[in-house]
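**Student:** task: produce atomic coordinates for the following.
(chains A and B)
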Amino acid sequence: MSKDLRNPLARARGLGSAKEGVSHWMLQRVTALALVFLTLWFLCTLLGLLHADYATARATLARPWNAVLAIAFIVTMFRHAVLGLQVVIEDYVHTRWLEVASLVLIKFIAVLASLAGVLAVLRVALGS
Amino acid sequence: MAQTGRPLSPHLQVYKWQVQMVTSILHRASGIILAVGSLLIVWGLASLAAGPEAYASFTACAGSALGMLVLIGWTLAFFYHLANGIRHLVQDTGKGYAIATFVRSSWTSIVVAIVLTIAVWAYVLSGGHA
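**Tutor:** A predicted model of the protein is given here:
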């Protein structure tokens, strides 16, 4: 008799009871690593614009590499934030409907905010 | 808490405070602060795209006393989450779990966050010429 009570197929897939394996855990780490660099770039850029006027700030963000990094920063940041807030909500919100509602709400807000941020960078970069 | 009325096992209040639990709690707290702050970043970028007037009102808010206070707190939350996040990434490789090492790295995260926050704001408040 097998010592493992799990179905051999489930074992081979390795996805566990949540059916997504370690993808949440892994994505949290990968986005964290990306954000180490992206946030430091963002902070340095921001400090460089400390006393800059509007035109300088806009021209800086409009530079192609800065625009690319800004978009990467926004998307990665909101992805990472949702993953983290999700765990906090799952840990502390024990009323089921409130938990589900909060989980959906943070995803809606994060997607809208990401899109708004990306649109803002594109408007600056493409000059419209 | 769960609305079940069942007895609960002992939670935070029965334990002596120690730095290991403080770093864990602060990591979540700073993460939540940064998540809220990320919306302000979008506000800043949107104001930059919207035009000089919108950008001026954004920088006026950021430069006000309350704005600066929020930004200082935000900087501290950011550097703490960064330092402690890197500590967690190292721990994910299986290193640093001996109690003495764990306590030392906990304090390192806290001290690094405070030092970097002071450094950034010394630079900002000295007019960006340090």
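**Student:** going by C-alpha atoms from here, please, whenever you check contacts or count neighbours.
**Tutor:** OK.
**Student:** so which residues on chain B come close to chain A?
**Tutor:** On the criterion Cα under 8 Å from any Cα of the partner chain, chain A has as its neighbours in chain B the residues B:1-3, B:28, B:31-32, B:35, B:38-39, B:42-43, B:45-46, B:48-49, B:52, B:55-56, B:82, B:85, B:89, B:124, B:128.
**Student:** just the buried members of these?
**Tutor:** Taking 16 or more other Cα atoms under 10 Å in any protein chain shown as the criterion, what is buried in those is B:28, B:31-32, B:35, B:38-39, B:42-43, B:45-46, B:48-49, B:55, B:82, B:85, B:89.
**Student:** helices - which of those residues land there?
**Tutor:** With helices defined by DSSP state H, the entries of those inside them are B:28, B:31-32, B:35, B:38-39, B:42-43, B:45-46, B:48-49, B:55, B:82, B:85, B:89.
**Student:** so which two of these are the farthest from each other?
**Tutor:** The two members of those with the most space between them (Cα to Cα) are B:Tyr55 and B:Leu89, at 36.9 Å.
**Student:** any idea which residue sits dead centre in chain B?
**Tutor:** Using Cα atoms, centre = their mean, the residue of chain B that lies closest to the mean C-alpha position is B:Ala77, 1.6 Å off.
**Student:** so where does it fall, helix or strand?
**Tutor:** With the criterion set as DSSP states H and E, the secondary-structure element containing B:Ala77 is helix B:65-92.
**Student:** burial count for the closest residue to the residue nearest to the centre of chain B other than its chain neighbours?
**Tutor:** Computed as Cα to Cα, 6 or more residues apart in numbering or on different chains, the closest residue to B:Ala77 that is not its neighbour in sequence is B:Ser30, at 4.8 Å. B:Ser30 is flanked by 20 other residues according to other Cα atoms under 10 Å in any protein chain shown.
**Student:** pretty sure B:Ser30 sits against B:Phe79.
**Tutor:** No - applying Cα atoms under 8 Å as the test, B:Ser30 and B:Phe79 come out as separate, 9.2 Å apart.
**Student:** picking that back up, now do the contacts for the residue nearest to B:Ala77.
**Tutor:** B:Ala77, B:Phe78, B:Tyr80, B:His81 (Cα atoms under 8 Å, 6 or more residues apart in numbering or on different chains).
**Student:** how confident was the prediction at it?
**Tutor:** For B:Ser30, the pLDDT comes out at 97.
**Student:** next: the one 5 residues further on.
**Tutor:** According to the prediction, B:Ala35 has pLDDT 97.
**Student:** swap in B:Met1?
**Tutor:** Model confidence at B:Met1, expressed as pLDDT, equals 54.
**Student:** for A:Arg63, which non-adjacent residue is closest in space?
**Tutor:** Closest residue to A:Arg63 in three dimensions, ignoring its sequence neighbours and counting by Cα to Cα, 6+ apart: A:Ala125, at 6.8 Å.
**Student:** and for that neighbour, the neighbour number?
**Tutor:** Residues within reach of A:Ala125, counting by other Cα under 10 Å, total 20.
**Student:** who touches it in this structure?
**Tutor:** Counted by Cα under 8 Å, 6+ apart, A:Ala125 has contacts A:Leu61, A:Ala62, A:Arg63, A:Pro64, A:Ala67.
**Student:** the last one - nearest residue in space that isn't next to it in sequence?
**Tutor:** I take that to be A:Ala67. Of all residues not flanking A:Ala67 in the chain, A:Leu61 sits nearest, at 5.6 Å (Cα to Cα, 6+ apart).
**Student:** where does chain B dip in pLDDT?
**Tutor:** Along chain B, the parts satisfying pLDDT under 70 run over B:1-3, B:128-130.
**Student:** excluding chain neighbours, what is closest to A:Leu85?
**Tutor:** Residue nearest to A:Leu85 in three dimensions, not counting chain neighbours: B:Ile32, with 6.9 Å by Cα to Cα, 6+ apart.
**Student:** how near is that neighbour to A:Val93?
**Tutor:** In this structure, B:Ile32 lies at 15 Å from A:Val93, with Cα to Cα, to the nearest Å as the measure.
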